[in-house]
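Chemist: Sequence plus predicted model, see below.
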Amino acid sequence: MSQSPEPYVPALKFRRLTALYDPLLRWTMRETTFKEQLVRQAAIAPGQRVLDLGSGTGTLVLLVKRSCPEAEVVGLDGDEAVLDLAREKAARSRVKVAFDHGLSFDLPYADASFDRVLSSLLFHHLTRDQKERTLREALRVLRPEGEIHVADWGPAPNPLLRAAFLLVQLLDGFDTTQDNVAGRLPKLFLAAGFVDVVRTAHVTTPFGVLELLRGRNPAS
Ligand SMILES: C[S@@+](CC[C@H](N)C(=O)[O-])C[C@H]1O[C@@H](n2cnc3c(N)ncnc32)[C@H](O)[C@@H]1O
């Protein structure tokens, strides 16, 4: 249940907490570990176009650009305030990337215009319907053979980590997080039309387990 009047949930649910997002993630969530792993598995090549859905403060966008400076990298987020933080961060790092305002389930991009769609910690902010629409939009903007790479909450392997995940559910909502913790994201990828859907890795954090997923847009 979202308490936000917006069609998206801000990074830490409440706008006044957004400034705390980067330190919180860095110190509690093994942020560098799982985001660098996601970038590695995406194997981005020079000249490719990469879209980060729900780019937040821009950390993943900057990691992608550092890993492959010749790639064109775009971050998209529904929250103008977090986009301002991301743009400031990119300017401080002197990195040339773009940040667009928009919603993951109604993307402002042409069909087949990206080689990679990445996303970190977005899907647990989306209702089932928004997840399905977001995946269909990701498929639409990906070129044939293009890939999606996602890091988000997944099933907990034991009761302790399942209990810890209740903290995330209390903050972010039970309805949006239920598909994640029930391990349904891979099925949703397949239902949207992705192939070769694989859970590539998991990363344990104090609040639960993050899973890394990938899928491919079949050749048309
Ligand atoms: C938990 S934060 C994750 C930010 C970043 N990807 C990271 O890993 O640090 C989720 C972000 O998704 C954005 N968001 C939520 N729903 C969205 C939607 N439907 N479309 C675009 N952005 C959305 C929020 O504004 C927020 O910045």
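Modeler: Cool, got the structure.
Chemist: Look through the chain and state the residue closest to the ligand.
Modeler: Going by C-beta to the nearest ligand atom, the ligand is nearest to G56 of the chain, at 2.4 Å. (Glycine included, C-beta is placed from N, CA and C.)
Chemist: Could you report the pLDDT at that residue?
Modeler: Model confidence at G56, given as pLDDT, is 95.
Chemist: go on, D22?
Modeler: Per-residue pLDDT puts D22 at 66.
Chemist: and what of P159?
Modeler: 95.
Chemist: Not counting stretch 190-197 itself, show me its contacts.
Modeler: Judged by C-beta atoms under 8 Å, 6 or more residues apart in numbering, the contacts made with stretch 190-197 from elsewhere in the structure are 132, 135-136, 138-139, 148, 186, 189, 213-218.
Chemist: Convert the C-alpha atoms of it to PDB, please.
Modeler: What follows is the C-alpha trace of stretch 190-197 in PDB, where atoms were taken according to Å, rounded to 0.1, in the frame of the first residue of the first chain:
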ATOM      1  CA  LEU A 190       9.400 -15.000 -18.900                       C
ATOM      2  CA  ALA A 191       5.700 -14.000 -19.000                       C
ATOM      3  CA  ALA A 192       6.700 -10.600 -20.500                       C
ATOM      4  CA  GLY A 193       8.600 -12.300 -23.300                       C
ATOM      5  CA  PHE A 194      12.200 -12.500 -22.100                       C
ATOM      6  CA  VAL A 195      14.100 -15.700 -22.800                       C
ATOM      7  CA  ASP A 196      17.200 -17.300 -21.100                       C
ATOM      8  CA  VAL A 197      16.000 -15.900 -17.800                       C
END
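Chemist: how many neighbours does R66 have?
Modeler: Using other C-beta atoms under 10 Å, the number of residues around R66 comes to 13.
Chemist: and it, helix, strand or coil?
Modeler: For R66, the secondary structure call by DSSP: H, G, I helix; E, B strand; the rest coil comes out as helix.
Chemist: check which helix or strand covers the residue of the chain closest to the ligand.
Modeler: For G56, there is no helix or strand it lies in under DSSP states H and E.
Chemist: coming back round to it: from the contacts of stretch 190-197, list just the buried residues.
Modeler: Members of the contacts of stretch 190-197 that pass the buried threshold by neighbour count (16 or more other C-beta atoms under 10 Å) are listed as E132, L135, A138, L139, I148, P186, F189, L213, R214, G215, R216, N217.
Chemist: among those residues, which are in helices?
Modeler: Mapping the buried ones among the contacts of stretch 190-197 onto helices (DSSP state H) picks out E132, L135, A138, L139, P186, F189.
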